[in-house]
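Visitor: predicted model and sequence follow; I will ask about them next.
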Amino acid sequence: MQTQTRLMYPITKREVNTFAAEPGLPAASIPDPYRWLENLTSVETREWINKQQQLSNNYLNNCKLKNPLFEKIKKAFDYPKFSSPFKRNNKVFYFMNTGLQNQDVLYFTTPEITEPKILIDPNALASDGTISLKTLEITNSGKYISYCLSKKGSDSTTIYVKNIETLENLPDKIDNVKFSGISWTKDESGFFYSKFEMQKQDENENLTVATEEDHDHKIFYHQIGTDSSQDQVIFSIPEQPKWIFSAEITFDQRFLLIYIYESTAPVNKLYIKDLNNERAEIQKIIDNFGAEYTYIANNDNDFYFKTNLNAPMSRIIKINIENPNIITEIVPEQSYPLCFVIAFNQNFMILNYLVDVKDVIKIYNLNGEYQFDINLPSLGSVSELNCQRNDSEFYLKFISFLHPGTIFKYNILNREMQVFKDITIPGIDLNQFTTEQIFFLSKDGTKIPMFIVRKKEIEFNSNNPIFLYGYGGFSIPITPFFSCSNCIFAQDYNVILAFPNIRGGAEYGENWHTQAILEKKHNSFDDFCCAAEYLIENKYTNPTKISICGGSNGGFLVASCLNRRPELFGCGIVMVGVLDLLRFHLFTIGKHWVSDYGNPDNPEHYNFIIKNSPLHNIPNVANYPAVLLTTADFDDRVVPLHSFKFIAELQFQYGNKETQTNPLLINIDSKSGHGAGKSTESTIIEKAEIFAFIAKSLNFE
């Protein structure tokens, strides 16, 4: 076993600050010595970033497996990738990546053309792959597309418009659009979108993102051919500057739906406006935050919604908007969660259920009568399913931990499902692996599922390296997904991949989520630690061979578990994590996370927030586990200051300890954001560095 050499860490200045802005709040006495790192563009902060990055680069470049892993992952990535197609009128659209293109390319085809045409190619807009395509919406006629482009992975995007038939870029341009859908009007003369009040622009905006709190979201209408400064505000609530609004037009294009959110909790208000009546007022159909309502279809004034109202697993209801107080149940709640519903073939619905974290597709009609199941190939996930209400056929993409994807085309008229496209990887023998789903007991006796992906012939000798990945928050389930880089790590280095479905997600409905929020957030930490203990007890591994990884809320999870049980893990990868729970709500969209984490400005929440905050609970042990934090200059979701403060405190507490031989590092990407839209090249580099760091930390490089 090799011995780690102690690192010399940069000295980070400590100032006298406290967390609370108001003296009366409990956090008023808690030191905040790294407040100056919140100024991401200051000369002092940039110098600190450069020193930290130089240290990390030196260490990562000396990891023996970095270059071999880069070459292996790059080779594995080099295969054609396809999205599930979707139709508008006589046109079929789909994304494709030839293999190593930095961004996927949007194509379309029609019965009249022999070769698919490129509609949008982000690779042509930035040679380094730092411009990505996010939201898009195509008119029902297939004539226009409006789409959002993001620079360096930022949540802030710019809307553009293109004529699909002529491939002409129209002059329309709308800047600084964030967390917005796009909905075209029936006559295709314009569309609805949402954006926040414009933030002031920093003179150093090319260095990093703005971190100011987002506020005053509004719904706008943009008329094609006009300057965005003339866009009309359709909806806003000035007295509620923290709320977020989203607009959607019904399939018959008669009604505008307005969704209102106060946080990330799965609840919303719902207002409706009749677009056929210019004098019609906006009607408040649901005017409380008691449940979630998601539009499925409507027949005139009869609206069908997926809702968790009195149904934590969700159900389907009908509301006549002329008498919205009367609710008719169409499909009752089942014993497993209903994830999404799509209307198709006029009077049918596709229902996607999650049964023990495996997707199941059922067909019902709008009267709530069950029709049949659509059989899926095996244990896995429906990653994409695309159709509209007037379609009699739809496309779905099925993936699993060991299958990169098969796209099926289903026709309800003859009930036939045919393989449309089978995606294969030439460089990996996936038959050498097996996926098993086991269940273990958490600290409080709750049964938790976990997927384990491993080589079939692995020995249960308590000495296998483990890559344990988790999330556990915001009602987001971790379902089977494919990662060729994970498969390379497992294939070439005998790593076992483990994915526990801990509480805080939605694997078993909304109750599974609420069992690990606020004062119960510790349940997700307990679940994750118990997953590691299961692997140890069943001779998969031992603590020195366990690496844990998670991103965003998953980064919060990993840091929390490292703090609570440092003896249980050999290495932790904390990706773009929420780490300062006393100030997360003051930056960009952070205030919307109070439904999971609690509100630092609420004295009643302080006692559990301070116990959960990773920055404030670093333990005093001889040798903290090896840690690699990752963040990015353009992450305006979980701003980099979380990672900056956490690594500064870790290095302060452990940097001068003779017994601290494990590395404590941070990797700061200057060309990406929270994760979405990251270029293929950056993704491969990041994976190679993370896996090389793990291999060195767990002594198998």
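Guide: Cool, got the structure. Source: prediction; values computed, not measured.
Visitor: so where do the strands sit in the stretch 101-250 of the chain?
Guide: All strands of the stretch 101-250 of the chain, identified by DSSP state E, counting those that start in this stretch, fall at 105-109, 117-120, 131-138, 144-151, 157-163, 168-177, 183-184, 190-195, 218-223, 232-235, 244-249.
Visitor: most tightly surrounded among the ones you listed?
Guide: A comparison of the strands of the stretch 101-250 of the chain by mean neighbour count, using mean count of other Cβ atoms under 10 Å, puts strand 190-195 on top with a mean of 24. For the C-beta atoms, the positions are set from N, CA and C on the backbone; glycine is no exception.
Visitor: and that one, which strands flank it?
Guide: Applying DSSP bridges, strand 190-195 is found paired with strand 183-184 (antiparallel), strand 218-223 (antiparallel).
Visitor: what's the following helix or strand after the one helix or strand F644 maps to?
Guide: Element membership for F644, per DSSP states H and E: helix 641-654. Next helix or strand after helix 641-654 toward the C-terminus (DSSP H and E): strand 664-669.
Visitor: whichever helix or strand comes after that next one vs strand 664-669, what angle?
Guide: Downstream of strand 664-669, the next assigned helix or strand under DSSP H and E is helix 680-697. With axes from the mean of the first three to the mean of the last three Cα atoms, to 10 degrees applied, the angle from helix 680-697 to strand 664-669 works out at 170 degrees.
Visitor: I'd like to know which elements helix 680-697 is packed against.
Guide: With contacts taken as 3 or more Cβ pairs under 8 Å, 6 or more residues apart in numbering; DSSP states H and E, helix 680-697 sits against helix 43-61, helix 66-77, helix 484-493, strand 546-551, strand 571-575, strand 626-632, strand 664-669.
Visitor: what do you get if the cut-off is 10 Å, keeping everything else the same?
Guide: For helix 680-697, the elements it packs on are helix 43-61, helix 66-77, strand 466-469, helix 484-493, strand 546-551, strand 571-575, strand 626-632, strand 664-669, judged by 3 or more Cβ pairs under 10 Å, 6 or more residues apart in numbering; DSSP states H and E.
Visitor: among those, which is nearest Q437?
Guide: Closest of the helices and strands packed on helix 680-697 to Q437 is strand 466-469, at 15.0 Å (criterion: Cβ to Cβ).
Visitor: can you list the weak-confidence ranges in this structure?
Guide: Low-confidence segments of the chain, defined by pLDDT under 70: 1-4, 20-25, 199-207.
Visitor: mean neighbour count for the helices and strands packed on helix 680-697 - can I get that in CSV?
Guide: Below are those laid out as CSV (neighbours: other Cβ atoms under 10 Å):
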stretch, mean neighbour count
helix 43-61, 16
helix 66-77, 19
strand 466-469, 25
helix 484-493, 21
strand 546-551, 26
strand 571-575, 27
strand 626-632, 26
strand 664-669, 22
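Visitor: now do the helices in this structure.
Guide: Along the chain, the segments classed as helices by DSSP state H run 43-61, 66-77, 484-493, 510-514, 522-537, 553-564, 594-597, 606-612, 641-654, 680-697.
Visitor: from E47, how far off is Q223?
Guide: Using Cβ to Cβ, to the nearest Å, Q223 is found at 48 Å from E47.
Visitor: one more: N617?
Guide: 29 Å.
Visitor: repeat for L338
Guide: From L338 across to E47, the span is 52 Å (Cβ to Cβ).
Visitor: burial count for the residue lying closest to I536 once chain neighbours are set aside?
Guide: Setting aside the residues directly before and after it, I536 is nearest to N542 in space (Cβ to Cβ, 6 or more residues apart in numbering), at 6.0 Å. Using other Cβ atoms under 10 Å, N542 has 15 neighbouring residues.
Visitor: one step back: possible to save the strands paired with strand 190-195 as a markdown table with distance to F499?
Guide: Output for the strands paired with strand 190-195, formatted as a markdown table (distance: least, Cβ to Cβ, whole Å):
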| stretch | distance to F499 |
| --- | --- |
| strand 183-184 | 35 |
| strand 218-223 | 38 |
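Visitor: can I get stretch 18-37 in CSV, CA atoms only?
Guide: Once non-C-alpha atoms are left out, stretch 18-37 reads as follows in CSV (Å, rounded to 0.1, in the frame of the first residue of the first chain):
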residue,chain,number,x,y,z
THR,A,18,-20.9,36.5,11.6
PHE,A,19,-23.5,34.7,9.5
ALA,A,20,-26.7,36.6,10.4
ALA,A,21,-27.3,40.1,9.0
GLU,A,22,-29.8,40.8,11.8
PRO,A,23,-28.5,40.5,15.4
GLY,A,24,-31.7,38.9,16.7
LEU,A,25,-31.3,35.8,14.6
PRO,A,26,-29.6,32.7,16.2
ALA,A,27,-26.7,32.6,13.6
ALA,A,28,-25.6,36.1,14.7
SER,A,29,-22.8,34.6,16.8
ILE,A,30,-21.6,32.0,14.3
PRO,A,31,-18.3,33.0,12.7
ASP,A,32,-18.1,33.5,8.9
PRO,A,33,-14.4,34.0,8.3
TYR,A,34,-14.5,33.4,4.6
ARG,A,35,-17.3,35.9,3.7
TRP,A,36,-14.8,37.6,1.4
LEU,A,37,-14.8,34.5,-0.9
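Visitor: and the strands in the stretch 401-550 of the chain, which stretches?
Guide: 403-411, 416-422, 433-441, 447-455, 466-469, 496-500, 546-551.
Visitor: what would these look like in TSV with distance to S132?
Guide: Converted to TSV, those look like this (distance: least, Cβ to Cβ, whole Å):
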stretch	distance to S132
strand 403-411	20
strand 416-422	23
strand 433-441	31
strand 447-455	28
strand 466-469	24
strand 496-500	26
strand 546-551	17
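Visitor: and F289, which of the ones you listed is closest to it?
Guide: Using Cβ to Cβ, the nearest of those to F289 is strand 546-551, at 27.9 Å.
Visitor: what pairs with the closest one, and is each one parallel or antiparallel?
Guide: If you go by DSSP bridges, strand 546-551 pairs up with strand 466-469 (parallel), strand 571-575 (parallel).
Visitor: if we can go back for a sec, quick one, what contacts the residue nearest to I536?
Guide: If a contact means Cβ atoms under 10 Å, 6 or more residues apart in numbering, then N542 has N461, S462, N463, N464, I466, L535, I536, G570 as its contacts.
Visitor: okay, the strands of the stretch 101-250 of the chain in JSON lines with distance to A559 next?
Guide: As requested, these are exported to JSON lines (distance: least, Cβ to Cβ, whole Å):
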{"stretch": "strand 105-109", "distance to A559": "37"}
{"stretch": "strand 117-120", "distance to A559": "38"}
{"stretch": "strand 131-138", "distance to A559": "28"}
{"stretch": "strand 144-151", "distance to A559": "27"}
{"stretch": "strand 157-163", "distance to A559": "29"}
{"stretch": "strand 168-177", "distance to A559": "31"}
{"stretch": "strand 183-184", "distance to A559": "39"}
{"stretch": "strand 190-195", "distance to A559": "32"}
{"stretch": "strand 218-223", "distance to A559": "36"}
{"stretch": "strand 232-235", "distance to A559": "39"}
{"stretch": "strand 244-249", "distance to A559": "27"}
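Visitor: okay then, goodbye and thanks.
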